[in-house]
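**Student:** Output the structure for:
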Amino acid sequence: MNSINWPSCTGAAILLALGSVVPVDAQVSPSGQAPASAACEVGSYLMADGTSLDIGPGVDGQLRWRRTDGSTGALTLQGNGRWTSTLGWTERSDGRQVTISGCESGEIRFDDVAGQRQPLIQVDTRFLGSGVMLAGRLTLPPGRARVPIVVLIHGSEHWSALENYALQRQFASAGIGVFAYDKRGTGASGGRYTQNYLMLATDAVLAMREARRLAGVRAGRVGYQGGSQGGWVAPLAARLETVDFVIVSFGLAVSVLDEDREAIALNMELAGFGPEIKAKAMEIADATATIVASNFTDGFEQLEAEKHKYGEEPWFKSVRGNFTAYLLASSTETSRKEGPGLLEGVPAQYDPMPVLANLKVPQLWILGGLDLDAPSAETVRRLAALRKAGCPIKTVVFPNAEHGMYEFETRPDGERVPTRQPEGYFPLMRDFIKGKQQPGAQAVPRSVQPPCEWRP
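**Tutor:** Numbers count the residues shown, from 1 in each chain. Modelled structure (predicted):
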């Protein structure tokens, strides 16, 4: 990848281009299927052993349980408040039994451990985003203590964060205030759906202000957590108006076009093809990049020529990428018609590095080592260089995680089936939001942070 002279830190999925296939932590199948509406059993439960258990809506009338150690399962009702569980998204029994006595009592039993629903405080609101009314919700831990507040920023999903984001309960049960909101054009929010990062970042800033307003004297540290496409939006929002922290989960420090190229390259490597084949695959990436950059008006003849040239070669079927996979599977006519709407507002050539190199806000980047949709290698390299130059960035890679921060098992046909999130993923975010320092780390006040003199 070519070097670019980015500014210093001292200055003022058809597609993963569409954002996350799996949103931040919504109760969805990793295939992107939206869950059913929330049932009365949904909530956060404090267990007798001191752990917490989240019950959220699942698909096809199921519920989904989650624990902060990353384990999860789908619950199917057997009658009389009894539910059986299957491991992750495998549809294979994990042997767990859950009993929910009744929504009124708030009692639950997870295997042999009893629990009680926590009385989280929820305040629904409507607030003015960038020219549209947005629906939001502040969720606070019980009591009156001052707590940190995290604003959850979407990936590219079209469904409601208010209904589907488990993190709004999980963080609150861990002593953190959470503000979730339906992005424009989704759920109960108004406006037209878009993927314009600047507009979405402006909405996020206004959501942050609303969170502060609602929390009042209870608001402590305030910051953002964004997954996938939110990894482009959250730092931009923090650059527009300073916050205390930013967390990026399975996001990228490269452009949408570079993301597609990296995904193609990684798929070639995993399929066992060498540099010569990878170079041929990049010719296809060049053609699809031309199409996207031209808003689906140019480059189709070049792509057809590449398909004719390489379509019968054994490696061709392994070319995936993000928008490239869509373009290879669709006719020119279909792509011309559907493409602009699918990628509406996406700044395909947006380079996030000027923002990151000028951002003094402490950042935690959490990435998956086996992420096929948003390969992390170049992002890790760039973040390491920024950190070396003085930017307040911490990077953690979970080596066995894919997009959405899911560990998985692989079926004989090559399909990945998520089983859980990595142990340590949630505690890492929780502690960062609370401002806890890692062993050996030293807090440096933002006003005296050394300049981030970035040199690629």
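**Student:** What segments of the stretch 201-350 of the chain are strands?
**Tutor:** Taking DSSP state E, counting those that start in this stretch as the test, the strands found in the stretch 201-350 of the chain are 219-227, 245-249.
**Student:** wait, the stretch 351-456 of the chain
**Tutor:** 363-368, 393-398, 407-410, 416-420.
**Student:** out of those, deepest packed?
**Tutor:** Using mean count of other CB atoms under 10 Å, the stretch among the strands of the stretch 351-456 of the chain with the greatest mean number of neighbours is strand 363-368 (a mean of 25). The C-beta positions use only the backbone N, C-alpha and C, and glycine is treated the same way.
**Student:** what packs against that one?
**Tutor:** strand 245-249, helix 377-388, strand 393-398, helix 425-433 (3 or more CB pairs under 8 Å, 6 or more residues apart in numbering; DSSP states H and E).
**Student:** What pLDDT is listed against Ala325?
**Tutor:** Ala325 is assigned 88 on the pLDDT scale.
**Student:** circling back: can you list the helices and strands packed on strand 363-368 in TSV and add mean pLDDT and distance to Trp89?
**Tutor:** Shown next, in TSV, are these (pLDDT from 0 to 100; distance: least, CB to CB, whole Å):
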stretch	mean pLDDT	distance to Trp89
strand 245-249	97	18
helix 377-388	95	26
strand 393-398	96	18
helix 425-433	97	17
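**Student:** Out of these, which one sits most buried?
**Tutor:** strand 245-249 (a mean of 26).
**Student:** any low-confidence regions in this structure?
**Tutor:** Filtered on pLDDT under 70, the chain yields the residue ranges 1-38, 437-456.
**Student:** Tell me how it divides into domains.
**Tutor:** What automatic domain parsing lists as the domains of the chain is 43-117, 121-254+351-448, 258-342.
**Student:** From Thr410, how far off is the closest residue to Phe273 other than its chain neighbours?
**Tutor:** Among residues not flanking Phe273 along the chain, Trp315 sits closest, at 5.1 Å (CB to CB, 6 or more residues apart in numbering). Trp315 sits 20 Å away from Thr410, taking CB to CB, to the nearest Å as the criterion.
**Student:** Correct me if wrong: Tyr193 contacts Glu157.
**Tutor:** No: if you go by CB atoms under 8 Å, Tyr193 and Glu157 don't touch, sitting 10.2 Å apart.
**Student:** I'd guessed Ile251 sits against Leu236; true?
**Tutor:** Quick fix: residue 251 reads Gly, not Ile. No: judged on CB under 8 Å, Gly251 makes no contact with Leu236 at a distance of 11.5 Å.
**Student:** Looking at these two, which one has more neighbours?
**Tutor:** It is Gly251, of Gly251 and Leu236, that has more neighbours when counted by other CB atoms under 10 Å, with 28 against 24.
**Student:** Can you list phi and psi of that one for me?
**Tutor:** Here is the backbone geometry of Gly251 (degrees, to the nearest 10): phi -110, psi -170.
**Student:** Could you check how far it is from Arg382?
**Tutor:** Distance, Gly251 to Arg382, by CB to CB: 12 Å.
**Student:** Over to Phe398?
**Tutor:** 19 Å.
**Student:** Write down the beta-bridge partners of Asp124, one by one.
**Tutor:** Arg137 (DSSP bridges).
**Student:** and it, how many neighbours?
**Tutor:** By the criterion of other CB under 10 Å, Asp124 has 11 neighbours.
**Student:** same question, Thr51
**Tutor:** Neighbours around Thr51, by other CB under 10 Å: 14.
**Student:** How about it, nearest residue that isn't a chain neighbour?
**Tutor:** Thr51's closest residue in space is Arg67 (CB to CB, 6+ apart), at 6.6 Å.
**Student:** what do you get for Gly70?
**Tutor:** In this structure, Gly70 finds its nearest non-sequential neighbour in Gln421, 3.8 Å apart by CB to CB, 6+ apart.
**Student:** Over to Glu91?
**Tutor:** Here the residue nearest Glu91, using CB to CB, 6+ apart, is Ala74, at 7.5 Å.
**Student:** List the strands paired with the helix or strand where the one you found lies, with their directions.
**Tutor:** If you go by DSSP states H and E, Ala74 is part of strand 72-79. Strand 72-79 has its sheet partners listed here by DSSP bridges as strand 63-67 (antiparallel), strand 82-87 (antiparallel).
**Student:** between that strand and strand 416-420, how many degrees?
**Tutor:** Between strand 72-79 and strand 416-420, the angle comes out at 80 degrees (axes from the mean of the first three to the mean of the last three CA atoms, to 10 degrees).
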